[in-house]
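Chemist: Model the structure of this input:
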Amino acid sequence: MRIVFMGTPDFAAVSLQKLLDRGDDVPGVFTQPDRYRGRGKGVDASPVKALAAERGIPVYQPEKLRDGTALELLRSLRPEIVVVVAYGRILPDALLAVPPLGCVNVHGSLLPKYRGSAPIQWAVLNGDKTTGVSTMYLASEMDSGDIIYQAETEIGEFETSGELFDRLAALGAETLDRTLRDIEAGTAPRVPQDHASASYTVQLDKSMSPIDWDRPPRAIVKRIYGLQPWPVATAEIDGAALRVFGAEYSDLTTDKAPGTVVSAGKRGITVACANGKTLTLTEVQAPGKKRVRAADWLLGHPLRVD
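Modeler: Prediction:
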């Protein structure tokens, strides 16, 4: 098939690689404009741009999609279908109408749940047991198009968003392969979403990092693993500001206030949470230092526990 691909991060690059492995004709790739890191540190090209450049595929990075330039460019590429994966831009109706077979999207959730940005992270943050990917036809409203296929997977109790991201990227690429084969064969289903059941997510930011010890242990665990690789959970332990990368459940109970260190030793740093429960931090990072086992951090920072 002749496919124009639109995408930006690693999640999208896995699907682009699948198209190339399939032998599809990809006459062009659209991706977000390069990001400047500032202070002479250079430019960050997207993973999709890097892969396309490596394979000699023309790369287009329009600043705007509604001024007619992107529309004429897309028309000139004559795609049979457009594949959109984590592009980060909403396509106007004029672009959606260009390919005769439509525009297909790979989304990192089981739609209509978690429309919008960061659906993978929010599945972890909210403590979901399962999640998955959806392929759908793009429509005017964000993530509202008819579903083609969905694939489900369990979320590990201590799986980070980054680890789940990688698994869903691969699952999304496989589901895209099936989707395109059946669209080409004319056998792909088209199931309208239940819009009344839709939920929406928002971007993550650093304001979410501080751990709220007034929450139950599982909610805190999901915050710790859901905020990796960014922006990462943080905690202040005995006056030390730490980034927190690992935690495990504790059987200890306490009458101490949430956020109080209950014990500190070879297992890590056990802290009081809501309702007398506790949680043990197992991997931390001090400012300017490497990530270490909490027990190793304690060797240089002994804590007094009353």
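Chemist: Give the residue spans of the protein that score low on pLDDT.
Modeler: 37-42 (pLDDT under 70).
Chemist: Longest helix of it, counting residues only.
Modeler: With secondary structure taken from DSSP state H, the chain has its longest helix at helix 161-185.
Chemist: So which elements touch it?
Modeler: helix 10-22, strand 81-85, strand 103-107, helix 119-125, strand 130-137, strand 147-154 (3 or more Cβ pairs under 8 Å, 6 or more residues apart in numbering; DSSP states H and E). Glycine gets a C-beta too; all of them are placed from N, C-alpha and C.
Chemist: What's the first helix or strand after it?
Modeler: Counting by DSSP states H and E, the next helix or strand C-terminal to helix 161-185 is strand 200-201.
Chemist: what's that next one packed up against?
Modeler: If contacts are counted by 3+ Cβ pairs under 8 Å, 6+ apart, strand 200-201 sits against strand 115-116.
Chemist: hmm, who's touching the strand it packs on?
Modeler: With contacts defined as Cβ atoms under 8 Å, 6 or more residues apart in numbering, strand 115-116 is touched by 107, 109, 142-144, 198-202.
Chemist: which one of those is nearest Leu71?
Modeler: Met142 (19.7 Å; Cβ to Cβ).
Chemist: wait, Ala123 sits on Ser109?
Modeler: Yes - the pair Ala123 and Ser109 passes the contact test of Cβ atoms under 8 Å, sitting 6.6 Å apart.
Chemist: shared neighbours of the two, anything?
Modeler: In contact with both Ala123 and Ser109: Thr131, using Cβ under 8 Å, 6+ apart.
Chemist: Just checking: what are the partner strands of the longest strand seen in the chain?
Modeler: Taking DSSP state E as the criterion, the chain has its longest strand at strand 240-249. When pairing is defined by DSSP bridges, strand 240-249 lines up against strand 233-237 (antiparallel), strand 278-285 (antiparallel).
Chemist: Tell me who's in contact with the closest residue to Ala53 other than its chain neighbours.
Modeler: Of all residues not flanking Ala53 in the chain, Val59 sits nearest, at 6.2 Å (Cβ to Cβ, 6 or more residues apart in numbering). Shown in contact with Val59 (Cβ under 8 Å, 6+ apart): 28-31, 49, 52-53.
Chemist: Just the residues you listed: which are in helices?
Modeler: Counting by DSSP H, these contribute 49, 52-53 to helices.
Chemist: Now rank these by neighbours and give me the top one.
Modeler: In terms of neighbours by other Cβ atoms under 10 Å, these top out with Ala52 at 25 neighbours.
Chemist: That one contacts Leu16, doesn't it?
Modeler: Yes - look at Ala52 against Leu16 with Cβ under 8 Å: they come within range, at 7.0 Å.
Chemist: list the residues that contact both of these two?
Modeler: 5, 26, 29.
Chemist: Please pick the buried ones from the residues you listed.
Modeler: 5, 26, 29 (16 or more other Cβ atoms under 10 Å).
Chemist: Mind picking the one among the residues you listed that's closest to Ala151?
Modeler: Using Cβ to Cβ, these come closest to Ala151 at Phe5, 20.0 Å.
Chemist: Run through the residues that contact that closest one.
Modeler: 12, 15-16, 19, 26, 28-30, 48, 52, 82-85.
Chemist: and what of Glu157?
Modeler: Counted by Cβ under 8 Å, 6+ apart, Glu157 has contacts Val221.
Chemist: try the one 5 residues further on
Modeler: Remark: with contacts taken as Cβ under 8 Å, 6+ apart, Gly162 is in contact with 228-229.
Chemist: how far away is it from Ala173?
Modeler: Per Cβ to Cβ, to the nearest Å, Gly162 is found 17 Å from Ala173.
Chemist: Just name the closest of the ones in helices among the contacts of Val59 to Glu72, please.
Modeler: Ala52 (20.2 Å).
Chemist: any idea how this structure splits into domains?
Modeler: 3-201, 206-300 (automatic domain parsing).
Chemist: between those, which gets nearest to Asp306?
Modeler: Using Cβ to Cβ, the nearest of those to Asp306 is domain 206-300, at 8.6 Å.
Chemist: Distance from the chain centre to the closest one, please.
Modeler: 23 Å (Cα atoms, centre = their mean, to the nearest Å).
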